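Trainee: fold the stuff below for me.
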Amino acid sequence: MTQGNLTSDYDYIIVGSGSAGCVVANRLSKDQNCKVLLLEAGGSDRNFWIRLPVGYYRTIYDNRFSRSFATEPGEGTAGRAILWPRGRIIGGSSSINGLIFIRGQHEDFDDWERLGAHGWSYRDVLPHFRRYERYQGGESQFHGGLGEFDVSELRVNNPASEAWVNAGIEFGLPRNTDFNGQTTYGVGRYQLGIGSRWRSSSASAFLHPVLDRPNLTLISRAQVSRVLFHGSRASGVEWIQDGKVFSATATREVILSAGALQSPQLLQLSGIGPASVLKPLGIDVRVDAPDVGRNLQDHYQARMIVRLKKPISLNDQVRNPFSLARMGLEWMLSGTGPLTVGAGQVGGAACTHYAKSGRPDVQFNVMPLSVDKPGEPLHSYSGFTASVWQCHAKSRGHLSIRSTDPYDQPTITPNYFSESADRKTIVAGLRMLREIFQQPSFRDLWDVEVLPGPAAQSDAELWAFASSTGGTVFHCVGTCRMGEDKNSVVDSHLRVRGVDGLRVIDASVIPLITSANTNATSLMIGEKGASLILGTT
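Mentor: Predicted coordinates for the structure are as follows:
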């Protein structure tokens, strides 16, 4: 599908219409004298379940909307391969994610600056966060009120979720009324990427409203196979559509916004990557860049599930046709209720005894339901789930292409828990969740700990549970690391080292994973990346 004026020459070519790519396309195409081509491997996002907030539950593993990449089995996952679904659709992963809108700790971005990403401290990036945000609470020191991306407060009141927050306070954590404000520390309600009723994706916020611009062309179901070069300068891209090969030229820049898995894959397919990987595949080495595909990071979560005594779980409500009807009516009339929930209703950040300088090292994600994974039936009992992940894992993974076929997924080795400190922290986080469940506000609501179960008491038993049952929180980043050292893949202006006219603008440039969900940060990278191109930052 092509929308816009198809030619062979453009000023900018953007690969990937995901969280960052849609923002970049919007900002660059504001100049009517600038021709922009946006290429997307997936198809249309015009689908009810994509737009309905709670629809992520159906779409995230649906191969019509996402592509599930399988990691290599590892010791940290008890020999299991973990599936990483990534959005293969207009809007990318912002069209299928769990909607939680949280930026992370201020110190996360100050760490980027410390590691050599000059101009990316919290003070530097806050204006870019605020620029794209339309927060329902309006403009403030921390929030934007005039942007395109809708952010709302939680619009459902579940008594078990509220009891969990109160239990967290009784445990000793402060109430946090705004995780995007001064700090992420404490417990409270999450903000979500939702408008009046529908999901706010990067496509709905930044792309669809401007697709009538005559200088912006979108081509979907276009699998980019490589970046083309004229000498040392990126001159265009080649893609495959319906079995045919096409190409277009870029007179100014080629921009990779294909995500943390496929931006490094495209660099390697184009001859930019570790020579030790490229040469055996017969790829001419344009730039021997060993760090392309390295520095891979993700959040890994372990879930605790308890059985509630009363039918106040979503597990109970979805089995009741009258409750389902009430949910639909509430959503249609007021844009509130269970159909507006994301992958977490409440949660928070806390410090285990391994935390340094009082900075939270674990994040909690809490839902009044239980299920094995999205897309599968909810459990038959009245379930309640609280998960924990480590904010600043020390383990690092890597990925590399295994063939010259652009449709072939790269080899993904996350190396979860290869550092012993990570194992200790997630066990400590599970123990904290147990203590919160035992606080006065919550302890009388449940009667059975389903997972990990009362048999898991020692550190070794809790670690065995986490490694054998946990999984991704869908936050892979870092594989085209930004910095000013010679080994970084891109510099602080997101320009790929060793060539001209090529940038990477997506979550792959993150040098150190943020402590919380990554979509808000990916949008910010798109905003700031576009301003770097335009010279307005």
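Trainee: going forward, measure contacts between C-alpha atoms and count neighbours the same way
Mentor: Noted.
Trainee: and the longest helix for the chain?
Mentor: helix 420-437 (DSSP state H).
Trainee: flag every buried residue along that helix.
Mentor: For helix 420-437, a neighbour-count test (16 or more other C-alpha atoms under 10 Å) marks 422-433, 436-437 as buried.
Trainee: dump those residues to TSV, plus distance to residue 24 and pLDDT.
Mentor: Shown next, in TSV, are the buried residues of helix 420-437 (distance: C-alpha to C-alpha, whole Å; pLDDT from 0 to 100):
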residue	distance to residue 24	pLDDT
422	35	98
423	38	98
424	40	98
425	37	98
426	36	98
427	40	98
428	40	98
429	38	98
430	40	98
431	43	98
432	41	98
433	40	98
436	43	98
437	44	98
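Trainee: ok, residues contacting the longest helix of the chain?
Mentor: 164, 167-168, 170-171, 302, 304, 352-354, 361-362, 386, 388-390, 393-395, 417, 442-443, 459, 462-463, 466 (C-alpha atoms under 8 Å, 6 or more residues apart in numbering).
Trainee: moving C-terminal from it, which element do we reach first?
Mentor: helix 440-443 (DSSP states H and E).
Trainee: low-confidence ranges in this structure?
Mentor: 1, 4, 6 (pLDDT under 70).
Trainee: tell me the strands in the stretch 351-500 of the chain, going along the chain?
Mentor: 362-367, 383-390, 397-400, 411-413, 446-451, 471-472 (DSSP state E, counting those that start in this stretch).
Trainee: could you list the paired strands of the second one along with their orientation?
Mentor: With DSSP bridges as the criterion, the sheet partners recorded for strand 383-390 are strand 300-308 (antiparallel), strand 362-367 (antiparallel).
Trainee: quick one, that strand and helix 420-437 angle?
Mentor: 150 degrees (axes from the mean of the first three to the mean of the last three C-alpha atoms, to 10 degrees).
Trainee: now strand 383-390 - C-alpha only, PDB.
Mentor: The C-alpha coordinates for strand 383-390 follow below in PDB (Å, rounded to 0.1, in the frame of the first residue of the first chain):
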ATOM      1  CA  GLY A 383      -6.500 -13.900  40.100                       C
ATOM      2  CA  PHE A 384      -4.400 -10.900  41.100                       C
ATOM      3  CA  THR A 385      -0.900 -10.300  39.600                       C
ATOM      4  CA  ALA A 386       2.100  -8.200  40.700                       C
ATOM      5  CA  SER A 387       5.300  -8.500  38.800                       C
ATOM      6  CA  VAL A 388       8.800  -7.100  39.500                       C
ATOM      7  CA  TRP A 389      11.700  -6.300  37.200                       C
ATOM      8  CA  GLN A 390      15.100  -4.900  37.800                       C
END
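Trainee: turn the buried residues of helix 420-437 into a markdown table, including distance to residue 66.
Mentor: Listed next are the buried residues of helix 420-437 as a markdown table, based on distance: C-alpha to C-alpha, whole Å:
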| residue | distance to residue 66 |
| --- | --- |
| 422 | 29 |
| 423 | 30 |
| 424 | 33 |
| 425 | 31 |
| 426 | 28 |
| 427 | 31 |
| 428 | 33 |
| 429 | 30 |
| 430 | 30 |
| 431 | 34 |
| 432 | 34 |
| 433 | 32 |
| 436 | 35 |
| 437 | 35 |
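Trainee: ok so, going back, so which of the strands of the stretch 351-500 of the chain is nearest residue 100?
Mentor: Shortest distance between residue 100 and the strands of the stretch 351-500 of the chain, using C-alpha to C-alpha, is found for strand 362-367: 9.9 Å.
Trainee: what comes up buried for the closest one?
Mentor: For strand 362-367, by 16+ other C-alpha under 10 Å, it's 362, 363, 364, 365, 366, 367.
Trainee: excluding its backbone neighbours, what's nearest residue 287?
Mentor: residue 272 (4.8 Å; C-alpha to C-alpha, 6 or more residues apart in numbering).
Trainee: that older thread, of the buried residues of strand 362-367, which is the nearest to residue 5?
Mentor: residue 365 (44.3 Å).
Trainee: nearest spatial neighbour of that closest one, chain-adjacent residues omitted?
Mentor: In space, residue 365 is closest to residue 347, 4.7 Å off (C-alpha to C-alpha, 6+ apart).
Trainee: other SSEs contacting the helix or strand harbouring the one you found?
Mentor: Counting by DSSP H and E, the element that carries residue 347 is strand 346-350. Judged by 3 or more C-alpha pairs under 8 Å, 6 or more residues apart in numbering; DSSP states H and E, strand 346-350 is in contact with helix 159-171, strand 186-189, strand 362-367.
Trainee: okay, that strand in CSV with CA atoms only?
Mentor: Extracted in CSV, the C-alpha atoms of strand 346-350 (Å, rounded to 0.1, in the frame of the first residue of the first chain):
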residue,chain,number,x,y,z
VAL,A,346,-1.0,0.5,39.5
GLY,A,347,2.6,-0.1,40.6
GLY,A,348,5.7,1.6,41.7
ALA,A,349,9.4,1.7,42.2
ALA,A,350,11.3,0.6,45.3
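Trainee: make 30 the first number, not 1, from now on.
Mentor: I'll keep to 30 as the first residue from here, and by that count the last item is strand 375-379.
Trainee: that one to helix 449-466, inter-axis angle?
Mentor: 130 degrees.
Trainee: quick one: residues contacting residue 445.
Mentor: 103, 105, 106, 329, 424, 425, 426.
Trainee: at 6 Å what do you get?
Mentor: Contact analysis of residue 445 by C-alpha atoms under 6 Å, 6 or more residues apart in numbering lists residue 105.
Trainee: for residue 64, same thing?
Mentor: Contacts of residue 64 by C-alpha under 6 Å, 6+ apart are 39, 40, 244.
Trainee: I'd say the residue nearest to residue 394 and residue 396 touch.
Mentor: No - the criterion here is C-alpha atoms under 6 Å, and residue 376 misses it with residue 396 at 8.6 Å.
Trainee: any idea how far the closest residue to residue 327 other than its chain neighbours is from residue 542?
Mentor: Nearest residue to residue 327, sequence neighbours excluded (C-alpha to C-alpha, 6+ apart): residue 505, at 4.4 Å. Distance of residue 505 to residue 542, given as C-alpha to C-alpha, to the nearest Å: 8 Å.
Trainee: okay, those two: which has more neighbours?
Mentor: Per other C-alpha atoms under 10 Å, whichever of residue 505 and residue 542 has more neighbours is residue 542, with 29 against 23.
Trainee: which two of the buried residues of helix 449-466 have the greatest separation?
Mentor: 451 and 466, at 23.1 Å, using C-alpha to C-alpha across these.
Trainee: hang on, the earlier thing: mind putting the strands of the stretch 380-529 of the chain in a markdown table, distance to residue 135 included?
Mentor: Shown next, in a markdown table, are the strands of the stretch 380-529 of the chain (distance: least, C-alpha to C-alpha, whole Å):
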| stretch | distance to residue 135 |
| --- | --- |
| strand 391-396 | 15 |
| strand 412-419 | 17 |
| strand 426-429 | 25 |
| strand 440-442 | 29 |
| strand 475-480 | 33 |
| strand 500-501 | 23 |
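Trainee: beta partners of residue 204?
Mentor: Beta-bridge partners of residue 204, as defined by DSSP bridges: residue 216.
Trainee: so it sits against residue 215, correct?
Mentor: Yes - judged on C-alpha under 6 Å, residue 204 makes contact with residue 215 at a distance of 5.4 Å.
Trainee: so between these two, which is more surrounded?
Mentor: Neighbour count, other C-alpha under 10 Å: between residue 204 and residue 215, residue 215 has more, with 24 against 16.
Trainee: residues touching the more buried one, list them.
Mentor: Counting by C-alpha under 6 Å, 6+ apart, residue 215 has contacts 202, 203, 204, 205, 377, 378.
Trainee: give the contact list for residue 137.
Mentor: Per C-alpha under 6 Å, 6+ apart, neighbours of residue 137: residue 543.
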